[in-house]
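> pasting the sequence and the predicted model now:
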Amino acid sequence: MKVTVLGAAGEVGRSGFLVEHNGTRILMDYGVMFERRREPPKFPLPVQSRGLAGVIITHAHLDHSGNVPSLYQTGDVDAYATDPTFDLSELLIKDMLKLQKSRQYPFGQPELYNMIRNAIPLEYGQSVRKGDISFELRRSGHVVGGATVLAEGGGKRVFYTGDVKIPGSRLLQEADMDIGEIDLLITESTYSQTEQVPREESERGLVEFANEIMDNKGVLFIPSFSVERAQEMLCILKAAGFKHRIIMDGMALKVNEILLRHPRFHRDPDTFRDAVESAVSVRHHEDRKRLIKEPCVVISPAGMLVGGNAVFYLQELATDKRNGIAMVSYQGEDTPGRRLLDEGKVSYRGNDHTVTAEVRQFQFSGHSDRRDLFDMVRRIRGNPKVLTVHGDQDSCTMFAEQIRQEFGLEAEAAQAGQTVQA
């Protein structure tokens, strides 16, 4: 069994891996990458969809799912993922096409429709056989419905982590790492060189900040990614017994509806439902303006302050020192969120404004850090080759070198177009 790397080396994005054995070809992820604002998206190496036995989507984030509809320009391909992954992927890809009208994509709404029409939902641990390759999905702890992939062909076994958060989170159970012996490990490397603040410390800091802002009679704005981060922030505050109103806005509301339809994918579905039902949903702009006249917490996209309702909340809240802004998502280069953290400024109505609201950053990554990734490799059975992927060049290269030194395994940073034999 061989695996071809389709994404570029040293990047977090456009993930894609082609698994082949005895003429059977299966694709694991097929994403799109937005490197910088205003630049065209980047895609993985092209794959001939004719004769493709199937495509597996590990989770809904666009860097793993966003280019899958391009496979449906010339025919049908069986698509495999969990139920929430299909629902969330459809939502995010539709939004991508809507927001990025000026950018050229190799597909449109008809191809997305065909992808969903060919969707085959899977449960975790459900085995599927396509030709000479079998595979199953396992819990990843990264996002609701997110999965790792365990594939087998010709007596060889490949484990692909996708994006993985081994301890899970307040919303998600821990990742399932009971995978037996493997011959090839394809592991993400995003935070392989950093150790994150313990989750409990970040949660405590966020709750304390929220209460401080309420004591100031202000409004706390929490710009969050629509999928999972917004919902996790809600659950953290509710679990802490936060007494003030929590407002949710934007695409996060559609994500709430999707997640409520799939309770079996939650760590604690009853608590999640109670939290969502207790939050105030913004449906109209007049409600948006009225609700922030009193102390409250607002959870709304965009996580990096790129468009969405974030622009409204910034212009209403950023220049009042009673208010707060809690940055809880990754802030990419050349984004308004990064500029806010680095310079203390935001732009709206064509002008720059100095932010006088208190800004604090909290770590809530959905990826495993150095400790968890090394513990994962330590626990893996067998003597697998290792490909480090989904990280910047230094992270992938250093992680591979550290694996070679500490575990004596054959490890290397993956290169686009590279083929590895399991």
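Ah, there it is. Residues are numbered from 1 along each chain as shown.

> can I see the domain layout of the chain?
The chain resolves into domains spanning 2-194+366-421, 199-361 when parsed by automatic domain parsing.

> mean neighbour count and mean pLDDT for those - can I get that in TSV?
In short, each C-beta sits where N, CA and C put it, glycine included. Formatted as TSV, these follow (neighbours: other Cβ atoms under 10 Å; pLDDT from 0 to 100):
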stretch	mean neighbour count	mean pLDDT
domain 2-194+366-421	20	94
domain 199-361	18	95
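
> now the residue nearest the centre of the chain: how far from residue 89?
Centroid-nearest residue in the chain: residue 61, 4.7 Å away (criterion: Cα atoms, centre = their mean). In this view, residue 61 and residue 89 are 9 Å apart by Cβ to Cβ, to the nearest Å.

> could you do residue 403 as well?
31 Å.

> now do residue 207
Counting by Cβ to Cβ, the gap from residue 207 to residue 89 is 32 Å.

> and for residue 278?
Computed as Cβ to Cβ, the residue 278 to residue 89 distance reads 28 Å.

> could you do residue 345 as well?
Applying Cβ to Cβ to residue 345 and residue 89 gives a distance of 35 Å.

> residues in contact with the closest residue to residue 302 other than its chain neighbours?
Spatially, and ignoring its direct neighbours in sequence, residue 302 is nearest to residue 308 (4.1 Å; Cβ to Cβ, 6 or more residues apart in numbering). Contact analysis of residue 308 by Cβ atoms under 8 Å, 6 or more residues apart in numbering lists 250-251, 300-302.

> export the residues you listed as TSV, with columns for distance to residue 46 and secondary structure.
Shown next, in TSV, are the contacts of residue 308 (distance: Cβ to Cβ, whole Å; DSSP: H, G, I helix; E, B strand; the rest coil):
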residue	distance to residue 46	secondary structure
250	34	coil
251	30	coil
300	37	strand
301	31	coil
302	30	coil
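
> out of these, flag the one nearest to residue 153.
residue 251 (38.7 Å; Cβ to Cβ).

> my guess is that closest one meets residue 229, correct?
No. Because the distance of 11.7 Å does not satisfy Cβ atoms under 8 Å, residue 251 is recorded as not touching residue 229.

> mind listing the helices for the protein?
62-65, 83-99, 109-117, 199-215, 229-239, 252-260, 269-278, 285-291, 310-317, 336-343, 370-379, 393-407 (DSSP state H).

> out of these, nearest to residue 159?
Closest to residue 159 of the helices of the chain is helix 370-379 (Cβ to Cβ; 9.8 Å).

> other SSEs contacting that closest one?
Contact analysis of helix 370-379 by 3 or more Cβ pairs under 8 Å, 6 or more residues apart in numbering; DSSP states H and E lists strand 184-188, helix 393-407 as its packing neighbours.

> format the CA atom coordinates belonging to that helix as CSV.
Below are the C-alpha coordinates for helix 370-379, written out as CSV (Å, rounded to 0.1, in the frame of the first residue of the first chain):
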residue,chain,number,x,y,z
ARG,A,370,4.1,19.0,21.8
ARG,A,371,3.4,16.9,24.9
ASP,A,372,0.3,15.2,23.5
LEU,A,373,1.9,14.5,20.1
PHE,A,374,5.0,13.0,21.6
ASP,A,375,2.8,10.9,24.0
MET,A,376,0.8,9.7,20.9
VAL,A,377,4.0,8.5,19.1
ARG,A,378,5.3,6.9,22.3
ARG,A,379,2.1,4.8,22.6
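
> quick one, what contacts residue 28?
Residues in contact with residue 28, defined by Cβ under 8 Å, 6+ apart, are 16-19, 55-56, 58, 149, 151, 160, 162.

> quick one: which of the residues you listed sit in strands?
16-19, 55-56, 149, 151, 160 (DSSP state E).

> farthest-separated two in those?
Greatest spatial distance in the ones in strands among the contacts of residue 28: 16 and 151, 14.4 Å, computed using Cβ to Cβ.

> what's the closest non-adjacent residue to residue 190?
Leaving aside its sequence neighbours, residue 190 sits nearest to residue 367 (Cβ to Cβ, 6+ apart; 4.5 Å).

> I'd assumed residue 162 was in contact with that neighbour.
No. Contact criterion Cβ under 8 Å: residue 367 and residue 162 do not qualify, at 10.5 Å.

> what sits against residue 192?
Contact analysis of residue 192 by Cβ under 8 Å, 6+ apart lists 369-370, 373, 388, 391, 395-396, 398-399, 402.

> joint contacts of residue 367 and residue 162?
The overlap between the contact sets of residue 367 and residue 162 (Cβ under 8 Å, 6+ apart) consists of 142, 188.

> how about the nearest residue to residue 224, chain neighbours excluded?
Residue 224 sits nearest to residue 230 (Cβ to Cβ, 6+ apart), 4.0 Å away.
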